[in-house]
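*Asks:* Fold the following.
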Amino acid sequence: MRSTVFDRTFYLGTSLIKSVLNLINGTSMRIGQYEIKNRIFLAPMAGITDQPFRRLCSQLGAGLTFSEMMSTNPDVWHTEKSKLRLSHHQEIGINAVQIAGSDPTEMAMAAKVNVEYGAEIIDINMGCPAKKVNKKMAGSALLREPELVSRILDAVVNAVDVPVTLKIRTGWDPENRNCLEIAKIAEQAGISALTIHGRTRRCLFEGEAEYDSIKAVKQAVSIPIIANGDITTAEKAQQVLAYTQADAVMIGRGSYGRPWLFEEIGDFLEHGQINELPLEQKCQLMLKHIEDLHQFYGEEKGYRIARKHVGWYSENLSPNSNFRRTFNALETTKDQLKVLEDFVKSIR
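*Replies:* Numbering: from 1, shown residues only. Prediction:
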C-alpha cells in the first residue's frame with residue numbers, strides 16, 4: 001500500500017515535482033553552523049566509509065559523508081583500527097563522525113574525545129540492526145527505550161559545541177513504529193538533523209522503504225530530515241525528495257561500486273538529466289580507489305579490503321564477468337593492480 005501511495009502521489013504531474021525541486025535547489029541546507037554544499041549524503045557504513053571511500057565520494061559530489069561507526073568503549077579509542085576509522089582528509093570537507101553506545105555518560109565522553117580529534121559533526125547511531133550491536137543495547141535496540149534515548153541525546157548535545165545529528169530506523173518492528181516519537185524527542189534535545197532509514201529493525205534490509213513514515217516525521221518536526229533507504233538511482237532520489245519533502249537524501253548500499261551515483265543525482269536534480277560518466281572514466285576511478293586503499297591500509301590489509309570493492313565495481317562494470325573469483329584469489333597488492341589493469345583493457 002505504501003508504494004502505491006508513493007507512486008500515485010509522484011505521478012500526479014510535473015508541477016508538484018518542479019515546485020519541490022525549485023525549493024530544493026533554491027535553498028541551502030544547514031546543519032548547525034555548517035552550510036552543506038548539496039543535499040546528497042553518504043551514509044555511515046561499517047567497513048565501507050573509510051577515508052579513501054569518503055574522499056572519493058566527496059570528489060564525485062557527496063555533500064556530506066560520515067565516518068564508520070565508532071564505539072564509545074574507551075578501551076578501543078586508541079587502537080590502530082580506531083585511528084584508521086577516524087582518519088580524515090581535507091578533501092572530504094566537513095568531518096562528521098558517528099558514535100554508537102548505550103550509556104549516556106560514555107556517549108558524552110566519546111563525543112568530546114572525537115571533537116578533540118577533529119570531529120566537526122557528531123552523529124549518533126540508533127539505526128544499526130546488527131545483532132552484535134543490538135545485544136549491547138546500542139544501535140536500533142535503543143528505539144525500544146525512548147526515555148534512554150532522551151537521556152543519551154541530552155548528554156551528547158550538552159557535552160559538545162558542534163552539531164549533533166541522529167540516525168534512526170522507523171522503529172524496532174512493524175508493530176512498534178515510533179519514529180515520530182523519537183523525532184520529537186530529538187527535536188526537544190537540540191539535535192541538528194535527523195536521518196531516517198525507512199525500515200524497522202526487524203525488516204533489516206528487506207521489503208520496501210517506508211517513505212510514508214519519513215514524510216510524516218518531516219511534517220511533524222522543524223529540524224532537517226534526511227531520507228535514507230533504497231535510493232539507488234538519480235530518478236529515485238528525485239522521487240523521494242518530492243514525496244517526503246525531506247531536506248536531503250542519504251545514499252548507502254546504492255554507492256557500492258558506484259561512487260559516481262552522487263554526481264548522477266546532482267546532475268539530475270539540477271538539470272533533469274544524467275551526464276553518465278564514460279566507461280573509461282569509471283574504470284580509472286576504480287583503479288585510483290584501489291590504489292588509495294592499498295596505500296591507506298598497507299600491504300597486509302590493503303589487498304583484503306580491496307576485494308569487496310572490486311567485487312562491487314566488477315558487477316557494475318561487467319555484470320556477467322567471472323572476474324571477482326579470479327581477483328579474490330590474489331594475495332598481493334601488486335598482483336591486484338596488474339589484474340585490474342588487464343580487466344579494464346578487456347571491457348573497454
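*Asks:* going forward, measure contacts between C-alpha atoms and count neighbours the same way
*Replies:* OK.
*Asks:* which residues touch the host helix or strand of residue 58?
*Replies:* If you go by DSSP states H and E, residue 58 is part of helix 51-59. Contacts made with helix 51-59 from outside it, assessed by C-alpha atoms under 8 Å, 6 or more residues apart in numbering, are listed as 42, 64-67, 84-85, 87-89, 91-93, 259-260, 262, 289, 292-293, 296.
*Asks:* Remind me what whichever strand or helix holds residue 218 packs against, helices and strands.
*Replies:* Per DSSP H and E, residue 218 falls inside helix 211-220. Contact analysis of helix 211-220 by 3 or more C-alpha pairs under 8 Å, 6 or more residues apart in numbering; DSSP states H and E lists helix 2-10, helix 179-189, strand 225-228, helix 234-244 as its packing neighbours.
*Asks:* which of the residues in the helix or strand just after the last one are buried?
*Replies:* Translated: helix 234-244. On the C-terminal side of helix 234-244, the nearest following helix or strand under DSSP H and E is strand 248-251. Buried positions in strand 248-251, judged by neighbour count with 16 or more other C-alpha atoms under 10 Å: 248-251.
*Asks:* still on that earlier bit, the helices and strands packed on helix 211-220: lowest mean pLDDT?
*Replies:* Ranked by mean pLDDT, those end with helix 2-10 in last place, scoring a mean of 42.
*Asks:* which stretches of this structure form strands?
*Replies:* Applying DSSP state E to the chain gives strands spanning 29-31, 34-36, 40-42, 64-71, 96-100, 121-126, 164-169, 193-197, 225-228, 248-251.
*Asks:* pLDDT on the last one, on average?
*Replies:* Average pLDDT, strand 248-251: 98.
*Asks:* What strands line up against that strand, and which way round?
*Replies:* Its sheet considered, strand 248-251 pairs with strand 40-42 (parallel), strand 225-228 (parallel) by DSSP bridges.
*Asks:* Of those, which is nearest residue 155?
*Replies:* strand 225-228 (21.4 Å; C-alpha to C-alpha).
*Asks:* hey, C-alpha coordinates of the closest one in PDB?
*Replies:* Provided in PDB are the C-alpha atoms of strand 225-228 (Å, rounded to 0.1, in the frame of the first residue of the first chain):
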ATOM      1  CA  ILE A 225      15.100  15.400   7.900                       C
ATOM      2  CA  ILE A 226      17.300  13.200   5.800                       C
ATOM      3  CA  ALA A 227      15.700  10.300   3.900                       C
ATOM      4  CA  ASN A 228      17.500   7.000   3.600                       C
END
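*Asks:* What average pLDDT does the helix holding residue 58 get?
*Replies:* Confidence over helix 51-59, taken as the mean pLDDT, stands at 97.
*Asks:* Tell me how far it lies from the chain's centre.
*Replies:* Its chain's C-alpha centre lies 12 Å from the corresponding centre of helix 51-59 when counted by C-alpha atoms, centre = their mean, to the nearest Å.
*Asks:* how many degrees apart are it and strand 64-71 in direction?
*Replies:* Put simply, helix 51-59 runs at 160 degrees to strand 64-71, going by axes from the mean of the first three to the mean of the last three C-alpha atoms, to 10 degrees.
*Asks:* any low-confidence regions in the stretch 1-150 of the chain?
*Replies:* Across the stretch 1-150 of the chain, residues meeting the criterion (pLDDT under 70) sit at 1-28, 76-77.
*Asks:* same thing with the stretch 151-300 of the chain?
*Replies:* For the stretch 151-300 of the chain, no stretch is flagged by pLDDT under 70.
*Asks:* hmm, 90 instead?
*Replies:* Judged against pLDDT under 90, the low-scoring parts of the stretch 151-300 of the chain cover residues 173-174, 201, 203-208, 275-276.
*Asks:* How many residues are close by the closest residue to residue 141 other than its chain neighbours?
*Replies:* Beyond its immediate neighbours in the sequence, the residue positioned closest to residue 141 (C-alpha to C-alpha, 6 or more residues apart in numbering) is residue 134, lying 5.1 Å away. Using other C-alpha atoms under 10 Å, residue 134 has 19 other residues around it.
*Asks:* Same question for the one 3 residues further on.
*Replies:* Residues within reach of residue 137, counting by other C-alpha under 10 Å, total 19.
*Asks:* what's the answer for the one 4 residues further on, then?
*Replies:* Residues near residue 141, counting by other C-alpha under 10 Å, number 22.
*Asks:* Now do the same contact list for the spatially most central residue of the chain.
*Replies:* Computing the C-alpha centroid of the chain and ranking residues by C-alpha atoms, centre = their mean puts residue 43 first, at 0.4 Å. For residue 43, the contact set (C-alpha under 8 Å, 6+ apart) comprises 49, 65-66, 250-252.
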